[in-house]
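J.: Quick one: sequence and predicted model below, then my questions.
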Amino acid sequence: MGKFFGTDGVRGVANRELTPELVYKLGRAGAYVLTKETNNTPKIIVGMDTRISGDMLESALIAGICSVGASAVSLGIVPTPAVAHLVREYKADAGVVISASHNPVEDNGIKFFNSKGFKLPDEIEEQIEDIMVNSIDEISRPIGEEVGSKTVEEDAVNDYIRFLKSTTDVTFDGLKVAIDCANGATYKAAPITLHELGAEVCAIHREPDGTNINKNCGSTHIESLKEFVVETKSDVGIAFDGDGDRCLAVDENGDFVDGDQIMAICGSYLKEQGKLKNDTIVATVMSNLGLFIMGDKKGINIEKTKVGDRYVLEKMLENNDVLGGEQSGHIIFLDKNTTGDGILTAIHLLTIMRKTGKKLSELKQIMEVLPQVLINATVDRDKKEDYLSNETIKAEIERLERKFEGQGRVLIRPSGTEPIVRVMLEGRNKNEIEKDAKKLAELIEELLK
């Protein structure tokens with residue numbers, strides 16, 4: 001990746017790595033690249049999550065946007081998918097989100113969307129980086145009437161809620177829904193949307209104070225929601241992450257339902273309705289083998305990509321698919337929105353519960369989750385990729401795959417930043433795959449020191 005952009009925008013510790021000075025340059029260069037073809041005054045919408053550093057970074061970002069003559073529209077605190085949708089509804093030239101998603105409060109990030117609501121391709125990010133490094137001072141500086149201005153859009157959350165409500169044709173009357181808003185960007189939109197659709201909503205972690213986003217709550221800390229569902233006797237629990245692009249679930253018994261299971265439920269239902277284009281779900285190599293076994297049984301093709309929602313989206317766009325996502329709950333319904341949308345995913349799940357009359361504990365039985373074991377093998381940094389060519393390691397991997405006979409698998413992934421090779425095994429017998437994974441990791445460590 002480039003100097004500033006990672007797999008999901010620009011991330012770092014706010015005010016140390018992601019400084020106001022850097023964000024000003026990002027706003028300036030990003031606005032220039034994304035609006036240079038615009039004839040009229042360009043319009044860029046800006047949303048953020050609940051982190052205390054958001055105000056500081058928004059000020060710097062908007063200053064950069066206005067310095068090139070573009071108009072900045074502040075949406076305030078809204079989920080990431082709201083920006084992806086509203087950039088189209090408001091006919092803006094670009095959108096920016098200030099958020100570090102599920103990361104802790106000290107982190108923050110800048111993520112751009114183009115006028116169609118899609119994250120930027122690598123080549124556009126590289127253009128922005130090149131300008132930031134080599135020619136930031138060469139961008140024209142309009143004066144007088146040509147300087148950009150800032151406005152505030154007070155109805156952004158309501159406009160997003162209206163869109164969400166339009167994505168289902170049923171009401172949720174009679175359903176008791178527990179939600180965990182992670183003290184993040186969904187704290188307004190999620191309870192209001194589900195309440196207005198008729199659900200009885202019980203909410204936790206919806207009191208953000210700038211410092212408590214994702215703190216022992218949300219989709220990365222599902223334990224409190226499990227207890228809350230049982231305590232409130234709710235029909236279902238929904239957990240969001242800090243910026244609202246992920247959704248994980250808990251059934252009425254307090255048992256966890258992950259992103260793979262949600263995709264299995266939604267994909268099979270869409271197929272029954274004749275709405276699953278190409279009879280395909282796009283997943284990643286880290287998706288549970290149970291999803292692929294479900295696909296074989298149901299006649300659904302499970303397309304595999306590298307880990308990362310950007311790769312899932314690329315494959316979906318390439319083949320015109322409508323459903324894809326990750327085990328983490330980042331699920332894309334491409335006929336509705338252009339990025340993962342936690343509240344939208346929850347609406348799809350509740351709609352299926354309503355239309356089938358089934359509890360979530362019944363629906364999730366469509367897919368068996370096979371045990372997974374992940375062990376890190378510490379290796380020489382320069383030898384991380386050598387497992388591909390080492391004959392002894394290759395032979396052991398092939399032996400294990402023959403042993404599993406389609407009921408298990410081996411996945412090897414070198415870390416992008418550390419001298420580590422991740423060894424992941426799946427199979428029906430957890431004790432057995434733990435032994436096999438440990439043995440394989442030890443072999444890799446021994447041979448790739």
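T.: Arrived safely, thanks for sending. Everything quoted here is computed from the prediction, not taken from an experiment.
J.: Which secondary structure element is home to residue 397?
T.: Per DSSP states H and E, residue 397 falls inside helix 391-404.
J.: Contacts only, for residue 294.
T.: Each residue near residue 294 by Cβ atoms under 8 Å, 6 or more residues apart in numbering is listed here: 264, 268, 300, 366, 367, 368. C-beta: built from backbone N, CA, C; applies to glycine.
J.: pLDDT wise, what is the nearest residue to residue 259 once chain neighbours are set aside at?
T.: Residue nearest to residue 259 in three dimensions, not counting chain neighbours: residue 329, with 4.1 Å by Cβ to Cβ, 6 or more residues apart in numbering. Turning to residue 329, the model gives it a pLDDT of 96.
J.: what sits against residue 329?
T.: 219, 239, 241, 246, 247, 248, 258, 259, 262, 340, 342, 345.
J.: For it, give its distance to residue 101.
T.: According to Cβ to Cβ, to the nearest Å, residue 329 and residue 101 sit 11 Å apart.
J.: cool, residue 63 as well?
T.: 24 Å.
J.: quick one: which of the two has more around it?
T.: Per other Cβ atoms under 10 Å, whichever of residue 63 and residue 101 has more neighbours is residue 101, with 28 against 17.
J.: quick one: the strands in the stretch 51-200 of the chain?
T.: Remark: strands assigned in the stretch 51-200 of the chain by DSSP state E, counting those that start in this stretch are 71-77, 94-98, 107-114, 150-152, 176-180, 200-204.
J.: Residue 30 is nearest to which of these?
T.: strand 107-114 (5.6 Å; Cβ to Cβ).
J.: picking up where we left off before, winner for burial among the strands of the stretch 51-200 of the chain?
T.: Of all the strands of the stretch 51-200 of the chain, strand 94-98 has the most neighbours on average by mean count of other Cβ atoms under 10 Å, namely a mean of 28.
J.: Of all pairs in the contacts of residue 294, which one is the farthest apart?
T.: Among those, 300 and 368 lie farthest apart (Cβ to Cβ), at 15.0 Å.
J.: So these two - more neighbours on which side?
T.: More crowded of residue 300 and residue 368, by other Cβ under 10 Å: residue 300, with 22 against 15.
J.: hmm, who's touching the longest helix along the chain?
T.: Taking DSSP state H as the criterion, the chain has its longest helix at helix 430-447. For helix 430-447, the external contacting residues (Cβ under 8 Å, 6+ apart) are 371, 373-379, 387, 390, 392-393, 396-397, 400, 408, 410, 412, 421, 423-427.
J.: hang on, the earlier thing: quick one: the strands of the stretch 51-200 of the chain as a markdown table, columns for mean pLDDT too.
T.: Output for the strands of the stretch 51-200 of the chain, formatted as a markdown table (pLDDT from 0 to 100):
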| stretch | mean pLDDT |
| --- | --- |
| strand 71-77 | 98 |
| strand 94-98 | 97 |
| strand 107-114 | 96 |
| strand 150-152 | 98 |
| strand 176-180 | 98 |
| strand 200-204 | 98 |
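J.: As CSV, the ones you listed with distance to residue 279 would be great.
T.: Formatted as CSV, the strands of the stretch 51-200 of the chain follow (distance: least, Cβ to Cβ, whole Å):
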stretch, distance to residue 279
strand 71-77, 37
strand 94-98, 32
strand 107-114, 29
strand 150-152, 45
strand 176-180, 30
strand 200-204, 34
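J.: now for these, which one comes closest to residue 57?
T.: strand 94-98 (5.2 Å).
J.: That closest one: how far from the chain's middle?
T.: The chain centroid and the centroid of strand 94-98 are separated by 15 Å, computed with Cα atoms, centre = their mean, to the nearest Å.
J.: Sheet partners, orientation included, of that strand?
T.: strand 43-48 (parallel), strand 107-114 (antiparallel) (DSSP bridges).
J.: I'd like the ones you listed as JSON lines, with distance to residue 285 appended.
T.: Below are the strands paired with strand 94-98 laid out as JSON lines (distance: least, Cβ to Cβ, whole Å):
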{"stretch": "strand 43-48", "distance to residue 285": "31"}
{"stretch": "strand 107-114", "distance to residue 285": "24"}
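J.: Find me the pLDDT at the residue of the chain most remote from its centre, would you?
T.: The centre of the chain is farthest from one residue, residue 144, which by Cα atoms, centre = their mean lies 41.0 Å away. With respect to pLDDT, residue 144 scores 96.
J.: where does it sit relative to residue 69, distance-wise?
T.: Distance from residue 144 to residue 69, by Cβ to Cβ: 11 Å.
J.: wait, what's in contact with the residue sitting nearest the centre point of the chain?
T.: Per Cα atoms, centre = their mean, the C-alpha nearest to the average position across the chain is that of residue 330, at 3.9 Å. Counting by Cβ under 8 Å, 6+ apart, residue 330 touches 245, 246, 259, 309, 312, 340.
J.: For PyMOL, what selects the buried ones among those residues?
T.: Buried subset of these, written as a PyMOL selection, criterion 16 or more other Cβ atoms under 10 Å:
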select buried, resi 245+246+259+309+312+340
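J.: With respect to pLDDT, which of the contacts of residue 330 ranks lowest?
T.: Taken together, these show their lowest pLDDT at residue 309, with 88.
J.: excluding its backbone neighbours, what's nearest it?
T.: The shortest distance from residue 309 to any non-neighbouring residue, by Cβ to Cβ, 6+ apart, is to residue 330 (4.8 Å).
J.: can you check residue 269 too?
T.: Excluding the flanking residues, the one nearest residue 269 by Cβ to Cβ, 6+ apart is residue 352, at 4.9 Å.
J.: and the helix holding residue 397 with helix 430-447, angle?
T.: Inter-element angle recorded for helix 391-404 and helix 430-447: 170 degrees (by axes from the mean of the first three to the mean of the last three Cα atoms, to 10 degrees).
J.: quick one: residue 268 and residue 364 touch, right?
T.: No - the criterion here is Cβ atoms under 8 Å, and residue 268 misses it with residue 364 at 11.2 Å.
J.: Next, find the distance separating residue 184 from residue 85.
T.: 18 Å.
J.: got it, and residue 336?
T.: 9 Å.
J.: Settle it for me: which of these two has more neighbours?
T.: The neighbour comparison of residue 336 against residue 85 (other Cβ under 10 Å) goes to residue 85, with 24 against 18.
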